[in-house]
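In: I need the structure of the sequence given here:
(2 chains)
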Amino acid sequence: MYVRALSVTDFRSYPAAVIELEPGVTALVGPNGQGKTNLVEAVGYLATLGSHRVALDAPLVRMGADRAVVRGKVVREDRETLIEVEITPGKANRARLNGSPVTRARDVLGTLRTVLFAPEDLAIVKGDPSQRREYLDELLVARSPRYAAVHSDYDRVLKQRNALLKTSGHARRTGSSLGTLDVWDAHLATAGAAVLAGRHELIDALRPLVDKAYAAVSRGGGPALLEYRTSLGEDVTETTDRELLEAALAAALAQARDKELERGITLVGPHRDDLVLSLGELPAKGYASHGESWSFALALRLAAYDLLRSDGGEPVLILDDVFAELDDTRRESLAELVAPAEQVLITAAVAGDVPAQLSGSRWDIAAGQVTRVR
Amino acid sequence: MYEGPVQDLIDELGRLPGVGPKGAQRIAFYLLAADPADVRRLVDALTEVKDKVKFCTICGNVSEAGQCRVCRDPRRDLAVICVVEEPKDVVAIERTREFRGRYHVLGGAISPIEGVGPDDLRIRELMTRLADGTVTELILATDPNLEGEATATYLARLVKPMDLKVTRLASGLPVGGDLEYADEVTLGRAFEGRRALEV
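Out: Purely as a prediction, here's the structure:
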């Protein structure tokens, strides 16, 4: 699939901008702070209903405006779909597909699929476990949008259970019943098992792809390994059987209960898990060099791209300012790997940062003005 | 900000559920312009609801007398109790004319975030009603959301030692709807709860 046209109104720095795109490579070139990333961020928003840069929607709306509008024409197998999303901070987004409103904005998920590479990706390798969980969960939703609901169910049970644990320390001392905690345990186990099963299945599919991509980016390095580290204890193997996972999670909750009551917070469950990335014997975090960490981050994104492509519907690749971060070897490997993609959108501060293999159309961006150069 | 009584009225109206600041302002100015007799009727209705309406001593539903209309009705089946969260759920189920048993209104659902635990609901009263053995079936009709499900699970566990048939309302596709418009969760539930077609 590819994006044929993008238009934004009151989005970030743009009062209005329209840009026509083609399959193949498009480079958006301009000095920092001129609005290159804003445009690819808008494309990413149509695919995920979220920004890769901020968690809240407020910064996406141009200063002084009350709402932003992003429109994109997506072509998939010769059929064109128009996606329109209206972003109003503090309110639910409204969306339309081909001009007709959808009930909930999340119904547009899946129409456009993107894989976005950004300098922030380094945090997947070097940062907290939450960054790696987010990588997994985002990809899960991109593969099957129903996981958006699965995750929000889990978060809600978790909030209720934590609220109960906070007040239960007192209840335990006074000897009153903790009967409702059992109920929340059961619901947490059910919702958590759905999340875990999804993650395990995803990791199984990613493993060979990440290793292959790592070898390609680093020209023969590796092996790059993925291992899911669960808070359920050592004996829980990576199964996708929901009933087994539910039982394991329930057992782990029962075991952790005293500690949880003391701390007033849920200590086991998918929200405490980690995806351990390692190179051969050594974990990437803490041991890998800067360059190796970058290779791993790129490998994770490339694997996501391969996976989405094999599910059908080739995603649009977005490379936001990444070439400037890479050394020559990695830059060239990445360029070779992404060149055959149906559509690649690249942002770069100077034209020299875009590798020669990726010469396609080029737009210059200065002070919010977008002009086609080639 | 408006002066004195007008602002007081807007503030009071704004505390009602479903009424925002703009809506409160609109209602306040409507009342200001309305016929005094109309306003008097509204005031009377408000005072009456607080003075006269009581809660049924058996099921907890709103009632004018000590017992509500359903609990007073001798034709009702005493062997079945349908547990709901709010009095408005009783009205909804009564509209179906399908249910011939009696109700039990809990007054909410378990929600630790809002500080609502089992002791804040009319669960003890329910246990008292179940104690004498007249009731043989308990229908759990709490809302099909997380809090409602948790309340239903809690009750089911609580009454397990008693020899009772415990059922939960089915969730699934709306009647007369289109399959394509159902969301994934509803459709998933409908799949789980599918039944054999008798022909």
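In: how close does the residue nearest to the spatial centre of chain A sit to residue A:78?
Out: When Cα atoms, centre = their mean is applied to chain A, the residue found nearest the centroid is residue A:138 (3.8 Å). As judged by Cβ to Cβ, to the nearest Å, residue A:138 and residue A:78 stand 29 Å apart. The way it works is simple: take the backbone N, C-alpha and C, and place the C-beta from them, glycine included.
In: got phi/psi on residue A:346?
Out: Main-chain torsions, residue A:346, degrees, to the nearest 10: phi -120, psi 140.
In: how about the residues of chain B near chain A?
Out: Within chain B, the positions adjacent to chain A are B:110-113, B:115, B:117-118, B:146-147, B:149-150, B:153-154, B:157-158, B:181, B:183-185, B:188 by Cβ under 8 Å from any Cβ of the partner chain.
In: pretty sure the residue nearest to the centre of chain A sits against residue A:49.
Out: No - judged on Cβ atoms under 8 Å, residue A:138 makes no contact with residue A:49 at a distance of 11.2 Å.
In: and residue 121, how many neighbours?
Out: Let's take chain A. Neighbours of residue A:121 under the rule other Cβ atoms under 10 Å in any protein chain shown: 24.
In: um, chain B though
Out: 22.
In: is it true that the residue nearest to the centre of chain A lies in a helix?
Out: Yes - with DSSP: H, G, I helix; E, B strand; the rest coil as the criterion, residue A:138 is part of a helix.
In: what sits against whatever residue of chain B ends up closest to chain A?
Out: Here chain B gets closest to chain A at one residue, residue B:112, 3.7 Å apart by Cβ to the nearest Cβ. Residues near residue B:112 by Cβ atoms under 8 Å, 6 or more residues apart in numbering or on different chains: A:160, A:161, A:163, A:164, A:167, A:180, A:184.
In: check contacts around the fourth one.
Out: It stands for residue A:164. A:180, A:181, A:184, B:112, B:117.
In: please, which helix or strand holds it?
Out: In this structure, residue A:164 sits in helix A:147-173 according to DSSP states H and E.
In: and residue B:168, bridged to which residues?
Out: For residue B:168, the beta-bridge partners under DSSP bridges are residue B:140.
In: so it makes contact with residue B:140?
Out: Yes - between residue B:168 and residue B:140 a contact is recorded at 4.8 Å, counting by Cβ under 8 Å.
In: what about these two, which has more around it?
Out: Just comparing residue B:168 and residue B:140: by other Cβ under 10 Å the higher neighbour count belongs to residue B:140, 21 against 18.
In: separation between that one and residue B:167?
Out: Relative to residue B:167, and taking Cβ to Cβ, residue B:140 is found at 7 Å.
In: just checking, next helix/strand downstream of the helix ranked longest in chain B?
Out: Counting by DSSP state H, the longest helix found in chain B is helix B:36-52. Counting by DSSP H and E, the next helix or strand C-terminal to helix B:36-52 is strand B:54-55.
In: for the worst-scoring helix or strand of chain B on mean pLDDT, which positions count as buried?
Out: Ranked by mean pLDDT, DSSP states H and E, the weakest helix or strand in chain B is helix B:184-192, scoring a mean of 79. Along helix B:184-192, these residues count as buried under the neighbour rule (16 or more other Cβ atoms under 10 Å in any protein chain shown): B:186, B:187, B:188, B:189, B:190.
In: name the residues that touch that helix?
Out: Outside helix B:184-192, the residues that touch it by Cβ under 8 Å, 6+ apart are A:145, A:146, A:149, A:153, B:171, B:172, B:173, B:179, B:182.
In: hmm, back to that, what's the first helix or strand after the helix holding residue A:164?
Out: By DSSP H and E, the next helix or strand past helix A:147-173 is helix A:179-217.
In: report the distance from that next one to the chain centre.
Out: 15 Å (Cα atoms, centre = their mean, to the nearest Å).
In: which residue ranges of the chain form helices?
Out: All of this is about chain A. A:36-48, A:122-126, A:129-143, A:147-173, A:179-217, A:242-263, A:284-287, A:290-310, A:328-338.
In: think we crossed wires, I meant chain B
Out: Using DSSP H, the helices found in chain B span residues B:4-14, B:21-33, B:36-52, B:69-72, B:87-96, B:123-131, B:146-159, B:184-192.
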